[in-house]
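Peer 1: Quick one, structure for this:
(chains A and B)
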2 protein chains.
Amino acid sequence: MANPVIVEATRGERIESAHRGAGAVVDADGRAVLTFGDAERAVYPRSAVKALQALPLIESGAADRLGLTDNEIALACASHSGGEDHVAAVRAMLAKSGHDEGALECGAHWPLGEGEARSLARSGRTPTALHNNCSGKHAGFICGACAMGVHPRGYVAPDHAVQREVTAAIAAVTGATLSEEMRGVDGCSIPTYAVPLLALARGFARFGTGQGLPRERGQAVARIRTAVAAHPLTVAGKGRFDTEMMSLIGPRVFLKSGAEGVICAALPEAGLGLVVKADDGAGRAAQVMIAALLRRFGGFDEEMEARLARFVSPRLFNWNGVEVGRLRPSGPLA
Amino acid sequence: MANPVIVEATRGERIESAHRGAGAVVDADGRAVLTFGDAERAVYPRSAVKALQALPLIESGAADRLGLTDNEIALACASHSGGEDHVAAVRAMLAKSGHDEGALECGAHWPLGEGEARSLARSGRTPTALHNNCSGKHAGFICGACAMGVHPRGYVAPDHAVQREVTAAIAAVTGATLSEEMRGVDGCSIPTYAVPLLALARGFARFGTGQGLPRERGQAVARIRTAVAAHPLTVAGKGRFDTEMMSLIGPRVFLKSGAEGVICAALPEAGLGLVVKADDGAGRAAQVMIAALLRRFGGFDEEMEARLARFVSPRLFNWNGVEVGRLRPSGPLA
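Peer 2: Numbers count the residues shown, from 1 in each chain, chains lettered A, B, ... in the order given. Model (predicted):
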């Protein structure tokens, strides 16, 4: 059965495009508060689980041993915009591990941030692996390898000690089985394992509360949440959804976007984990979905609810600044 | 009823995302050769009808009187990448009308082509209305106004003489009623009218053959097709889908992409018009759909069919050049 239409894009009086999708809001015990669409379906979370992938960096003691700052821990969870600050911070983080950008196995691409890309072009330079939006996560893997006493070379491979730890952490927190047949290769070459939406949501309820996690892991998730909340510009960049949402709401929410229309979020006070996936992979649809869910379950006051409106139902403008339409939640999220 | 899934995006062994959509393949008499999904549905064609919007430019005699070249006629049908050549050509075209970029009412944006945007940034400059991907179309409107003896100011408004002619041409060629309730505002501020897919497809069958059109209009469509076929880099840009497809196939195909997942095409030899719309507005889905339809109905030889494979089922690579998945037609287009 088709997932429901959950986001509509209007132009004038008509619906121009529509997105279908699925989602789940779950507590740390796995009780579903709300689901829509096929919430049992396994989806590749892509970059939306970077905070879980950073757990071994903390739990191995690497972060402490290398003296990583909160900004660097946030960077390990980031899909950053490739700005000067991001690049400098990744370089510094690699230096703490005794390596440099030559150790990065993520590949190079022009900065994800449009302004950052143009700024790099204006400087006459071309991008390196440091500009890859995943370079902070990869620097975290390299730091983790050092702490484990293994050479980082080949750290993107599923059977490298670092990825084995990372995979074990995601499996433990979500309760999902991350078998080989659930595996794809991510944009930055590390494995990405498909996880059912319900399991992902439960994982983020645990990530947001520490409930159901061993004591040390509970401390690690709190440390990561604190680091990310303190550095919303580090985890994405100026004008980007994750940064804007976390800057607005503060530590009362954690969220992370992944490619192909996935967003994972946690509401620590409400004890909930939230996951959405747009069937078609559209980021704009995932953003409207998660904003609508956060408004509904966040327990925010009226003022905050009003400030969330521009994310729940963003107005669309053309090149002359004329409002031509909007995005809006529909169906089960209307 | 939901439109069928017509394009799948795979990663590893799994389907990561899927697109639904509708389409129609129709001859000049309006006989449907193939439809899938709701082909009666009216969609905003956006930039996919620029070639029809250029008809008054030819039919008014403006193109002849101002001595427009084939490249300039192609530019009037373009969503160009904003490269140096595009910008210089639009400037020259405006000069022929006695105007300059100050007359453009499309607004400014960074070049659509990523390389072109970086090149502009590298030069230390910022974009003007000339860089807007629609600036050639707008220059065509301004040229048309001159030929009609009206001032171009306000030419983007639905009741300006230029837009009335443009709207009448689209209505006549497609046979659709373009009433006010079907109207939205496009990205470049001109009106865009929703047209049923079947009517759009019939319009492009007529555009591709001249059948069913008055003699002068038949000559105008032939002239536009010839101009576009001779300048595939003008109508889009290096590496872009429209340019690549028309460069590969030549004058045996005409096609034009519009925003939000619409593509209109014509196969003059087969006498067919083709239109697709991705429900969710995804360009990648529209591209796979139209490529699959062109391969099926184009009457191409085996060699050309083989060369079309990379558009019908494009391989997806990550930043390290590793193949991670592909797009593929599915359901009625499998």
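Peer 1: Work out for me the element the most centrally placed residue in chain A sits within.
Peer 2: By C-alpha atoms, centre = their mean, chain A has its centre lying nearest to A:Lys256, at 2.5 Å. Taking DSSP states H and E as the criterion, A:Lys256 maps to strand A:254-258.
Peer 1: Counting by contacts, list what whichever helix or strand comes after that strand packs against.
Peer 2: Scanning forward in sequence from strand A:254-258 by DSSP H and E, the next helix or strand is strand A:262-267. Packing partners of strand A:262-267 (3 or more C-beta pairs under 8 Å, 6 or more residues apart in numbering or on different chains; DSSP states H and E): helix A:197-209, strand A:254-258, strand A:272-278, helix A:283-297. Backbone N, C-alpha and C define where each C-beta goes, glycine included.
Peer 1: shouldn't the residue nearest to the centre of chain A be in contact with A:Ser47?
Peer 2: Yes - taking C-beta atoms under 8 Å as the definition, A:Lys256 is a contact partner of A:Ser47 at 6.8 Å.
Peer 1: which neighbours do these two share?
Peer 2: Jointly contacting A:Lys256 and A:Ser47 under the rule C-beta atoms under 8 Å, 6 or more residues apart in numbering or on different chains are A:Ser79.
Peer 1: what bits of chain A have low per-residue confidence?
Peer 2: Judged by pLDDT under 70, chain A has no weakly predicted residues.
Peer 1: Around chain B, which positions in the stretch 51-200 of chain A sit nearby?
Peer 2: For the stretch 51-200 of chain A, the residues in contact with chain B (C-beta under 8 Å from any C-beta of the partner chain) are A:105-110, A:114, A:117-119, A:121-122, A:124, A:132, A:181-189, A:192, A:194.
Peer 1: run the last query once more with 7 Å
Peer 2: Contacts of the stretch 51-200 of chain A with chain B, taken as C-beta under 7 Å from any C-beta of the partner chain, map to A:106-109, A:117-118, A:121-122, A:124, A:132, A:181, A:183-185, A:187-189, A:194.
Peer 1: got the residue ranges for the helices in chain A?
Peer 2: Using DSSP state H, the helices found in chain A span residues A:50-53, A:55-59, A:62-65, A:70-76, A:84-96, A:114-122, A:135-148, A:161-174, A:197-209, A:215-230, A:232-235, A:241-249, A:283-297, A:302-312.
Peer 1: residues in contact with the first one?
Peer 2: Counting by C-beta atoms under 7 Å, 6 or more residues apart in numbering or on different chains, helix A:50-53 makes contact with A:77-78, A:137, A:166, A:169-170, A:173, A:203, A:207, A:224, A:228, A:256, all of which sit outside it.
Peer 1: switch to 6 Å and redo it
Peer 2: Helix A:50-53 is contacted from outside by A:77, A:137, A:166, A:169-170, A:173, A:224, using C-beta atoms under 6 Å, 6 or more residues apart in numbering or on different chains.
Peer 1: next one: the longest one
Peer 2: The set of residues that contact helix A:215-230 without belonging to it, under C-beta under 6 Å, 6+ apart, is A:51, A:54-55, A:58-59, A:70, A:73-74, A:77, A:207, A:210, A:235, A:251, A:254.
Peer 1: Go through that helix and flag the buried ones.
Peer 2: Residues of helix A:215-230 classed as buried: A:217-218, A:220-225, A:227-230 (neighbour count, 16 or more other C-beta atoms under 10 Å in any protein chain shown).
Peer 1: Same question for the third one.
Peer 2: The neighbour-count criterion (16+ other C-beta under 10 Å) identifies A:62-63 as the buried residues of helix A:62-65.
Peer 1: and it, what other elements does it pack with?
Peer 2: Helix A:62-65 is packed against helix A:135-148, with contacts defined by 3 or more C-beta pairs under 6 Å, 6 or more residues apart in numbering or on different chains; DSSP states H and E.
Peer 1: so the helix it packs on versus helix A:84-96, what angle?
Peer 2: Helix A:135-148 and helix A:84-96 meet at an angle of 10 degrees, taking axes from the mean of the first three to the mean of the last three C-alpha atoms, to 10 degrees as the criterion.
Peer 1: count of neighbours near the nearest residue to A:Thr192 once chain neighbours are set aside?
Peer 2: Using C-beta to C-beta, 6 or more residues apart in numbering or on different chains and skipping the chain neighbours, the partner closest in space to A:Thr192 is A:Asp186 (4.3 Å). For A:Asp186, the neighbour count with other C-beta atoms under 10 Å in any protein chain shown is 25.
Peer 1: Please report how far A:Asp186 lies from A:Ala161.
Peer 2: Applying C-beta to C-beta, to the nearest Å, the value for A:Asp186 to A:Ala161 is 18 Å.
Peer 1: and what of A:Glu303?
Peer 2: 48 Å.
Peer 1: cool, A:Cys77 as well?
Peer 2: Taking C-beta to C-beta, one finds A:Cys77 at 21 Å from A:Ala161.
Peer 1: just A:Val90 next, same as before
Peer 2: Distance of A:Val90 to A:Ala161, given as C-beta to C-beta: 22 Å.
Peer 1: What about the residue nearest to A:Gly67 when sequence neighbours are not counted, how many residues nearby?
Peer 2: Using C-beta to C-beta, 6+ apart and skipping residues adjacent in sequence, the residue nearest A:Gly67 is A:Lys96, 6.5 Å away. The tally of other residues near A:Lys96 (other C-beta under 10 Å) stands at 19.
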